[in-house]
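**Student:** build me a structure from this.
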Amino acid sequence: MQKLILALGLILLTVQPASADDHAQHQPPQTVDYALILPANLPHLLRTSLDKAEVLGLNDAQRDVLRELMAEAPLKVFSRLSQAEKLEQAIARDLLDNAVPLADLQPRLDELAALKRGATEAQIATINRMQALLSREQFRELLKFIPVTDRH
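**Tutor:** Residues are numbered from 1 along each chain as shown. Here you go, the predicted model:
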């Protein structure tokens, strides 16, 4: 019984509500914070591939395609994430200011999820195009330059 009380006490000590000071220390979100899959898990590879083109042994044709992707892919991904950011903030504002019931928010939550999914699908399509463009060895070498959480 004493062990149970001690364990509950430890849990209560670690699960404390955040204070106003805790919230003040949070950094303002970046657009990537609105991604369905965060960059730590699904990295953005284009800039690194161009920065490391020499090391990766990319030929001119590969570099040209990567430059084209660099011009178009971020627009597809980040425009959706920017929309998701604005929508999420509007939903939160409406909920906190007007006590909007969940049923009224559901269509907007579906829209938010669709924006995040669309951005992720655009990112995956870009990665797939890169995988088709680069040799298997070049792609594996590229991943060595990307810090990713728990990649096996």
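**Student:** ok, and for the helix or strand where Phe78 lies, which residues are buried?
**Tutor:** In this structure, Phe78 sits in helix 60-98 according to DSSP states H and E. Of the residues in helix 60-98, those buried by neighbour count under the rule 16 or more other C-beta atoms under 10 Å are 62, 65-66, 69, 73-74, 77-78, 80-81, 83-85, 87-88, 91. All C-beta spots, glycine's among them, are computed from the backbone N, C-alpha and C.
**Student:** and for stretch 46-63?
**Tutor:** Buried, per 16+ other C-beta under 10 Å, within stretch 46-63: Leu46, Ser49, Lys52, Ala53, Leu56, Leu58, Gln62.
**Student:** turn these into TSV, including pLDDT, distance to Leu109 and secondary structure.
**Tutor:** TSV is the format used below for the buried residues of stretch 46-63 (pLDDT from 0 to 100; distance: C-beta to C-beta, whole Å; DSSP: H, G, I helix; E, B strand; the rest coil):
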residue	pLDDT	distance to Leu109	secondary structure
Leu46	93	30	helix
Ser49	96	35	helix
Lys52	96	39	coil
Ala53	96	41	helix
Leu56	97	41	helix
Leu58	97	42	coil
Gln62	97	41	helix
